[in-house]
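Engineer: sequence? don't have it. structure:
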Ligand SMILES: Cc1cc2nc3c(=O)[nH]c(=O)nc-3n(C[C@H](O)[C@H](O)[C@H](O)COP(=O)(O)OP(=O)(O)OC[C@H]3O[C@@H](n4cnc5c(N)ncnc54)[C@H](O)[C@@H]3O)c2cc1C
């Protein structure tokens, strides 16, 4: 297809809507017999010129693109993992590369799908090929799976190249560092993506050469297996490689300009993930010029990660007089902090604004703006930039609903315990549901339609942050953390006050790679530069009293803990086998905790409605060419549509429904004026349903030998969760169907919520449609010490990691379960609360390093009664003064005594 509605999917996720996308197949399909080989292909032809429907960052394909496929004769009944392919790729002035994304039955999104890149080497008619993959919408890396390409025929001229090849093990994904899956040809259809560039790789003869991001068309199409399967396959697969001389047939190939041999047909829309643009591609990691860590300097607190959790606590700890170093791996985002990322058209040049500052540009993260902004070391979306999620998100900002604390958290973290922290957060960041400085609301056509139905179904209109507990059959205008028409939030408040103190230091472009510790006591952290100007070296903590606060997000935190020897042994073994291995902490010092488990997220399900009175505002166009009047009103007065998050969010709706298991489940609906799932934008709206508090499903995130994080087990799919989601959909359909002239597109007419859910895959390949990017829970807070049998918690109620005396976690990772709403305000509130607890927490006594055989203080890393004893009286309690030397473990001799062995 051409652009699957990547824009809409992207926008959706950016707004935390989950990005359900149905790809549309805009390709022209047919059959074509390649004259030099005699192989008959089922072809998918993407037109020369402007791309309709697809394209995103590559809106024109000069010369078009053709992909042909032949499958074994029995592929419709027996899964085949190989095919014979035909690529007719365009060249511009003789240059370029073309690529195929080997999709699966539900999609061909860029993350975790095998890519085959091909380009002319410039030597005769030879073609270089390279298998790559990416865990996110970022630079692909070399693929280490079993795929194999065997050239059969190739030909190059000034405007195109033709490549016929056999691709074995290409319809399965088995890179050893990633979750594997295969495409099932016996399901009848599967998805393929494509992209191409007008620029040749830097070193054309080197298959590992870096390549530039595609700029000459992209999209996705569907393969109909029955049309590609051919009984002659075995014979064709045996054809030996033919690289022709000039005498090769000059027969016309099917291209965007030609329909030779094709029987045109357009296939129906199919469900898929977007084939998204990659960032500039490099096969080799880049190194940066780092600034050495200042010698003879130490810090009372090192805070790792400048996001929703890290910024507030860095401010609070520095306000208490401690020396605080906040280390953020990303670049500056907001212009206030030196950010520079602005529209290429230049309309923001000269203003103290970047796209991160302007609410109406928040979708840029999904719309071509992820490079250098989104994390590249996880398969899910997260901001790796100053502000973390609070720099790239849509700014939805909700005063916590009391049961979110009372249901999920243990004593000490109930809503009454959090009241003071909530007050402090909302006095600094009150939020607003009228972000334009003239007090008006703009682009309200969606609100006007949906609120009609809700009112007539007796749902209650509320001002959400005035009545945070009213979350059952209520609806509201969207509350944002914005202030003065700009993003605001922690970067505009907490970080500003922190930065005014001499004892506060902020390092950008610097990644913490490891926490060095002796036993349960952290002594320093190792850092590397992630961009020029970042720091390199080892940062010392103040002796005995120094502390680390890990606030690197739901994936960044477990990653850092794994690399510091804290986590389940299967994960630490992965790190041991990675490039960290030679310097990794010895296994005797590993702390066995369930880091990475308890992964939670709002399960998303998209419904779509249409109404003649709904009108779409072209938010993507507002990136480079905003409507002149809107641009002027924003730049001069901070008024108008650009003060609101794209794309027209609201109304927000909430309902509580008791599931079949008796558990109350909290739902949030987020409406936006935008089509999705195959329904075009124009008069349509997407209503995204989030399952929040009460959800039972939990997943797991894991680390691979490449040190990338993946979601290994999706946190969705508990049957009672799904049944209740189905009921929530039915309730909404019933509320809205009374609206005159409304069309409810999805669920389709007459289809119940339960049956609709059955049509939306809950698979890894479709995670883009089901996630909300509100990942939480991977270093769970609780009283059941995770080192003990059946224990589930990683941090105690002071946010201190069990088995350590000075390593704390303060971010989304500590949440035991999902809240009612988008979570950032709760994470900031948790950070405020944790600052009180951490500041009040006693320091360990001076740490004395004990040699072999010496008496030590047990940290409770053993199991059974001894672990219990350690958990109660060890370093998490009154202090640990006797720590075993590196490589030794503190082992119990009897109930009261232990020695280093
Ligand atoms: C696209 C998107 C839209 C969203 N929309 C909303 C919304 O509208 N409203 C809402 O409430 N929530 C929203 N969320 C969720 C919310 O932003 C996150 O839940 C929240 O920011 C998580 O806070 P955190 O502190 O756990 O992590 P983050 O805010 O992600 O911060 C973690 C930081 O740590 C840094 N880091 C990671 N590893 C290291 C390391 N080793 N060394 C140094 N630094 C490191 C990262 O670069 C990052 O800046 C959205 C999230 C996304 C991704």
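Structural biologist: Nice, I can see it. This is a predicted model, so every value here is computed, not measured.

Engineer: contacts, neighbours, all on C-alpha from now
Structural biologist: Noted.

Engineer: quick one: the helices in the stretch 401-550 of the chain?
Structural biologist: Using DSSP state H, counting those that start in this stretch, the helices found in the stretch 401-550 of the chain span residues 402-408, 415-428, 445-456, 494-499.

Engineer: Adding distance to residue 752, mean pLDDT and mean neighbour count, write these out as a markdown table.
Structural biologist: Conversion of the helices of the stretch 401-550 of the chain to a markdown table gives the following (distance: least, C-alpha to C-alpha, whole Å; pLDDT from 0 to 100; neighbours: other C-alpha atoms under 10 Å):
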| stretch | distance to residue 752 | mean pLDDT | mean neighbour count |
| --- | --- | --- | --- |
| helix 402-408 | 29 | 98 | 19 |
| helix 415-428 | 37 | 98 | 17 |
| helix 445-456 | 19 | 97 | 20 |
| helix 494-499 | 47 | 98 | 19 |
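
Engineer: how about CSV for the ones you listed, with distance to residue 196 added?
Structural biologist: Output for the helices of the stretch 401-550 of the chain, formatted as CSV (distance: least, C-alpha to C-alpha, whole Å):
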stretch, distance to residue 196
helix 402-408, 47
helix 415-428, 48
helix 445-456, 37
helix 494-499, 42
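
Engineer: Quick one: closest of these to residue 674.
Structural biologist: Proximity to residue 674 (C-alpha to C-alpha) singles out helix 445-456 among the helices of the stretch 401-550 of the chain, at 9.4 Å.

Engineer: Taking the centroid of this structure, which residue is nearest it?
Structural biologist: Ranked by distance to the mean C-alpha position of the chain (C-alpha atoms, centre = their mean), the top residue is residue 381 at 1.4 Å.

Engineer: just for the stretch 501-650 of the chain, where's the confidence low?
Structural biologist: Low-confidence segments of the stretch 501-650 of the chain (pLDDT under 70): none present.

Engineer: about what we covered before: quick one: closest of the helices of the stretch 401-550 of the chain to residue 120.
Structural biologist: Among the helices of the stretch 401-550 of the chain, helix 445-456 comes nearest to residue 120, with 50.1 Å by C-alpha to C-alpha.

Engineer: gap between the closest one and the chain center?
Structural biologist: Mean-position distance between helix 445-456 and its chain equals 32 Å (C-alpha atoms, centre = their mean, to the nearest Å).

Engineer: and residue 79, what does it touch?
Structural biologist: Shown in contact with residue 79 (C-alpha atoms under 8 Å, 6 or more residues apart in numbering): 183, 184, 185, 186.

Engineer: I'd guess residue 731 is in a helix, am I close?
Structural biologist: Yes - according to DSSP: H, G, I helix; E, B strand; the rest coil, residue 731 belongs to a helix.

Engineer: And for it, the neighbour number?
Structural biologist: 14 (other C-alpha atoms under 10 Å).

Engineer: picking up where we left off before, distance of the residue nearest to the centre of the chain relative to residue 779?
Structural biologist: 19 Å (C-alpha to C-alpha, to the nearest Å).

Engineer: Can you pull out the residues in contact with stretch 416-436?
Structural biologist: If you take C-alpha under 8 Å, 6+ apart as the criterion, stretch 416-436 is touched by 397, 399-400, 440-441, 477-485, 488-490, 493, 638-641, 643-644, 828-830, 832-833.

Engineer: and that stretch, is it in reach of the ligand?
Structural biologist: No - against the ligand, stretch 416-436 shows no contacts by C-alpha under 6 Å from any ligand atom, the least distance being 11.5 Å.

Engineer: quick one: contacts for the nearest residue to residue 358 once chain neighbours are set aside?
Structural biologist: Closest residue to residue 358 apart from its sequence neighbours, by C-alpha to C-alpha, 6 or more residues apart in numbering: residue 486 at 5.5 Å. The contact partners of residue 486, by C-alpha under 8 Å, 6+ apart, come to 357, 358, 359, 638, 643.

Engineer: mind running it again at 7 Å?
Structural biologist: 357, 358, 359, 643 (C-alpha atoms under 7 Å, 6 or more residues apart in numbering).

Engineer: With adjacent residues omitted, what lies nearest to the third one?
Structural biologist: Right, residue 359. residue 645 (4.8 Å).

Engineer: Tally up the residues packed near the one you found, please.
Structural biologist: The tally of other residues near residue 645 (other C-alpha under 10 Å) stands at 26.

Engineer: Would you confirm that it contacts residue 394?
Structural biologist: Yes - with contact defined as C-alpha atoms under 7 Å, residue 645 reaches residue 394; the gap is 5.8 Å.

Engineer: Please see if stretch 805-818 touches the ligand.
Structural biologist: Yes - counting by C-alpha under 6 Å from any ligand atom, contacts between stretch 805-818 and the ligand involve 811, 812.

Engineer: what does that stretch rub up against?
Structural biologist: For stretch 805-818, the surrounding residues in contact (C-alpha under 7 Å, 6+ apart) are 308-310, 408-409, 520-522, 547-551, 553-554, 600-602, 692-693, 776-781, 799-801, 827, 831, 844, 875-876.

Engineer: Then stretch 171-179?
Structural biologist: Under C-alpha under 7 Å, 6+ apart, the answer for stretch 171-179 is 81-82, 102, 113-114, 143-146, 180-183, 704-706, 712.

Engineer: Between its first and last residues, what's the separation in that stretch?
Structural biologist: Stretch 171-179: ends 14 Å apart by C-alpha to C-alpha.

Engineer: got the residues of the stretch 451-600 of the chain near the ligand?
Structural biologist: Counting by C-alpha under 6 Å from any ligand atom, the stretch 451-600 of the chain sits next to the ligand at 511, 512, 513, 551, 552, 553, 554, 556, 560.

Engineer: picking up where we left off before, what residues do residue 645 and residue 394 have in common as contacts?
Structural biologist: Common neighbours of residue 645 and residue 394 (C-alpha under 7 Å, 6+ apart) are residue 362.

Engineer: what bridges to residue 609?
Structural biologist: Beta bridges link residue 609 to residue 685, residue 744, judged by DSSP bridges.

Engineer: likewise residue 327?
Structural biologist: Those that pair with residue 327 in a beta bridge, by DSSP bridges, are residue 304, residue 507.

Engineer: my guess is it meets residue 505, correct?
Structural biologist: No - applying C-alpha under 7 Å, one finds residue 327 not in contact with residue 505, separated by 8.4 Å.
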